[in-house]
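> Got a sequence here, can you build the structure:
(2 chains)
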Amino acid sequence: MWNPAKSVILSSICTKIAIGLVIIAAIAMPKLVSSYVMYTGKNTEVIQSLLLTIYACAVPGLVSLFCLDKLLANIRRGEVFIEKNIKLLRALSWCSFAVSVILFISGFYYILFVVIAICAAFLGLILRVIKNVFEQALIIKEENDFTI
Amino acid sequence: MIVVNLDVMMAKRKISAGELAEKIGITPANLSILKNNKAKAIRFSTLEAICRVLDCQPGDILEYVEEKEEGEGKDE
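Next comes the predicted model:
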């Protein structure tokens, strides 16, 4: 029978798979980018810039995934509305904004990155609102815990 | 601030914390929070149970004390 505990386990597995994929992709990226440039017939000078953008985004991306993994581990332990999770959500939000800034700058040589930058900024904003909700929930939880 | 004087009443009635917690139906950990003035609020049902078990009035347990200003009361 499907339940919230199994759902969290599935999310945790997906996060771990994503971490693995990002690491593998980071290792294979020079070859992948070269193949992409060859396939699309773009100027080979763009390879360096593309790699720089991808690796710059991979850092906050991996940090986000590790934060997500920690967040899910806390949820699995039944620790949902805790200070640690608020810090993790804040980190997730800032990582999204960091990716957004990197992609926005990269938009100067590849315009499509601007679209992804807007999406990342929007995601960062959503995460920030969720963090705010968690902060309020923590206050309510503490109030409830100390009501005897 | 509101101070919970549960210790005094418990001593008067010669009742242990464990026994009181059991009789009013809360955990010893929660009774400890109440006794140590860490609680943020008290339910009427809990207060009622305490008053019933200790045979007292809410005023015997709860007391209003003027909060000291920051830095006041220090020896320096």
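> CA only for contacts and neighbour counts going forward, please
Noted.
> Have a look at chain B and report its longest helix.
In chain B, taking DSSP state H as the definition, the longest helix is helix B:44-54.
> Report the mean confidence score over that one.
Averaging pLDDT along helix B:44-54 gives 93.
> in chain A, which spans are helices?
Using DSSP H, helices in chain A cover A:4-40, A:46-76, A:83-106, A:112-145.
> before we move on, back to that, of all the residues in the longest helix of chain B, which ones are buried?
B:47-51, B:54 (16 or more other CA atoms under 10 Å in any protein chain shown).
> okay, the residues you listed in a markdown table with distance to B:V4 next?
Listed next are the buried residues of helix B:44-54 as a markdown table, based on distance: CA to CA, whole Å:
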| residue | distance to B:V4 |
| --- | --- |
| B:L47 | 11 |
| B:E48 | 14 |
| B:A49 | 15 |
| B:I50 | 12 |
| B:C51 | 13 |
| B:L54 | 14 |
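> From these, pick the one nearest B:K12.
For the buried residues of helix B:44-54, the minimum distance to B:K12 (CA to CA) is 9.0 Å, reached by B:L54.
> how about the residues of chain A near chain B?
A:143, A:146-148 (CA under 8 Å from any CA of the partner chain).
> cutoff 10 Å now
Chain A has residues A:142-148 near chain B, with proximity defined as CA under 10 Å from any CA of the partner chain.
> Report the residue spans of the chain with pLDDT below the cut-off.
Since no chain was named, I'll use chain A. Of all residues in chain A, none has pLDDT under 70.
> not quite, I wanted chain B
Of all residues in chain B, those with pLDDT under 70 make up the ranges B:70-76.
> Strands of that one, residue ranges please.
Under the criterion DSSP state E, strands of chain B are mapped to B:2-4, B:62-64.
> Tell me which residues touch the nearest residue to B:I50 once chain neighbours are set aside, please.
Excluding the flanking residues, the one nearest B:I50 by CA to CA, 6 or more residues apart in numbering or on different chains is B:I24, at 6.2 Å. Contact partners of B:I24, counting by CA atoms under 10 Å, 6 or more residues apart in numbering or on different chains, are B:31, B:45-54.
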